[in-house]
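J.: With the sequence up front, the predicted model follows.
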Amino acid sequence: MSTSASPALYAAAQGVATITLNRPEKLNAFSAGMFEAIRNGLDAAEQDPDVRVVVFTGQGRAFSSGQDLTERLPMGDDGRINLGPPLERDYNPLALRLMGYPKITVAAINGPAVGAAANLVLACDLVVAARSSYFQQAFAKIALIPDAGGTWLLPRIVGSKLALALALTGDRIAAEDGQRMGLIYKVFDDASFATDIAAFVAPFAQGPAGAYRLIKQALAKSLDNDFGAQLQLEADLQNVAGKSDDFQEAIMAFATKRPPVFKGR
Ligand code: LHQ
C-alpha cells in the first residue's frame, strides 16, 4: 500500500485493486504527482495476476475537482499559458490507457467529479456514484473546452445535443440525472457507498478475466467497425474465449449443476 502522503493511494486485496485520489484539501485536484501515482497504481494492478478489477475513488468529500488550478502551468514562447503539455503528458495517455486497459475499471464517484475528472471517469468501464455526487463539465465556466476525451466520449454516451448542452452550460448533473442520461450505471446511497461498491465489484474479482478482456476489446472496436466487420470480430474473439480454461470450467459446472470456479484464463 502507498503511504498516506501519496497523491493517489494503491491497495489490493481479494482480486480488487483500489486507487484512491488523495488530495482531499483540494478536492483531489489532479497534479503531475497524482498522475504519476495513478500510473504506478495501474502498472501494479496490471502486473498482479490476482487483480481482476481496478476501482478508482476519492478521499474525502469529492471524487476530483479536475486540474489543480493552483499548480504552475507551463508558459509558451509567446508568454501565455500553454495547456498542451499537461494534456499530452498526463491526461491523454491516461484516457487512452483506460480505454484499452486489460482489466475491468470501475469509477466509484463518491462526490463531485468536475472538469477533466468528469471525462476521465467516462473512459472507465463502469461508472457508479453516490447519490449526493454530481458531474460537471465545468470547462466553459473558466473559458476552456472539455478535454481528457470528453468531446469524443460524451456525444457517444449521451447523444450529440445533450453533450453540447452539458459542455456549453457547465451545469451540475446530479447522480440520478446522470444515471438517466447513461453516464452512470448505478447510484448507491451515501451511507452504504463503501459496502455497496465492495458488493458490486466482488463478482468481477472472481470472474472470467480473459472473457472480460475480450468483451472490452469487442465493444471498443464497435465504435469504428461496420456491422459485418463486427460480426467477424465476434467470431474471432469468441473462438479465443471458447478455448479458455474458464469456458471449459463453465461447461463442466453447468453439467454438474454447481457454480463455476474461474481461474481468469
Ligand atoms: C481546488 C480546485 C481545483 C485547486 C477546488 N484546483 N484547488 C485544464 C488545464 C490543463 C490541463 C488539463 O485540463 C484542464 C481541465 C480541467 O480540469 S480545468 C479545472 C476544472 N475544474 C474546475 O474548474 C473546478 C474548480 N473548483 C470548483 O469549481 C469548486 O471547488 C467545486 C465546484 C469543485 C466544489 O465547490 P465547493 O464544494 O464549494 O468547494 P470549494 O470551492 O470551497 O473547494 C474546497 C477547496 O478545494 C478550496 O480550497 P480552500 O483552501 O479555499 O479551502 C478550493 O480552492 C480547492 N479546490 N477545486 N480544481
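T.: That came through, no problem.
J.: How much space separates Arg52 from the ligand?
T.: 30 Å (C-beta to the nearest ligand atom, to the nearest Å). C-beta: built from backbone N, CA, C; applies to glycine.
J.: Tell me how far stretch 13-25 lies from the chain's centre.
T.: In terms of C-alpha atoms, centre = their mean, to the nearest Å, the centre of stretch 13-25 is set 13 Å apart from its chain centre.
J.: Pull out the buried residues from it.
T.: Gly15, Val16, Ala17, Thr18, Ile19, Thr20, Leu21, Asn22, Arg23 (16 or more other C-beta atoms under 10 Å).
J.: ditto for stretch 211-220
T.: Those would be Ala211, Tyr212, Arg213, Leu214, Lys216, Gln217, Ala218, for stretch 211-220 by 16+ other C-beta under 10 Å.
J.: Does the last one touch Ala235 like I think?
T.: No: applying C-beta atoms under 8 Å as the test, Ala218 and Ala235 come out as separate, 10.5 Å apart.
J.: Kindly report the residues of the chain close to the ligand.
T.: Proximity of the chain to the ligand is confined to 26-27, 29, 65-70, 83, 86-87, 91, 112, 114-116, 138, 142, 144, 147 under the rule C-beta under 6 Å from any ligand atom.
J.: Please list only the buried members of those.
T.: 26-27, 29, 65-68, 83, 86, 91, 112, 114-116, 138, 147.
J.: Restricted to strands, list these.
T.: By the criterion of DSSP state E, membership of those in strands covers Val114.
J.: of the buried ones among the residues of the chain next to the ligand, closest to Tyr185?
T.: Pro112 (18.4 Å; C-beta to C-beta).
J.: ok, and the closest non-adjacent residue to the closest one?
T.: If the residues on either side of it in the chain are set aside, Pro112 comes closest to Ala62, at 4.8 Å by C-beta to C-beta, 6 or more residues apart in numbering.
J.: OK, contacts around that neighbour?
T.: Pro24, Leu27, Asn28, Asn110, Gly111, Pro112, Ala113, Val114 (C-beta atoms under 8 Å, 6 or more residues apart in numbering).
J.: now for the buried ones among the residues of the chain next to the ligand, which pair is the farthest apart?
T.: Every pair of those checked by C-beta to C-beta; the farthest is Leu83 and Pro112, at 21.7 Å.
J.: Please tell me I have it right and Gly76 contacts Leu83.
T.: No: applying C-beta under 8 Å as the test, Gly76 and Leu83 come out as separate, 9.4 Å apart.
J.: Quick check: which helices or strands does the helix or strand where Ile157 lies pack against?
T.: Under the criterion of DSSP states H and E, Ile157 resides in helix 150-158. Counting contacts by 3 or more C-beta pairs under 8 Å, 6 or more residues apart in numbering; DSSP states H and E, helix 150-158 packs against helix 116-120, helix 160-169.
J.: so of these, which one's packed in deepest?
T.: Of all the helices and strands packed on helix 150-158, helix 116-120 carries the top mean neighbour count, a mean of 27, counting by mean count of other C-beta atoms under 10 Å.
J.: chain center to that helix, what's the gap?
T.: 9 Å.
J.: Contacts for it next, please.
T.: 28, 30, 63-67, 91, 94-95, 98, 135-138, 146-150, 153-154.
J.: now the strands: where do they sit in the stretch 151-265 of the chain?
T.: Remark: strands assigned in the stretch 151-265 of the chain by DSSP state E, counting those that start in this stretch are 172-174, 186-188.
J.: could I get the ones you listed as a markdown table with distance to Ala198 and mean neighbour count?
T.: Supplementary listing: the strands of the stretch 151-265 of the chain in a markdown table, determined by distance: least, C-beta to C-beta, whole Å; neighbours: other C-beta atoms under 10 Å:
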| stretch | distance to Ala198 | mean neighbour count |
| --- | --- | --- |
| strand 172-174 | 24 | 17 |
| strand 186-188 | 11 | 18 |
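J.: In CSV: those strands, plus mean pLDDT.
T.: Listed next are the strands of the stretch 151-265 of the chain as CSV, based on pLDDT from 0 to 100:
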stretch, mean pLDDT
strand 172-174, 98
strand 186-188, 98
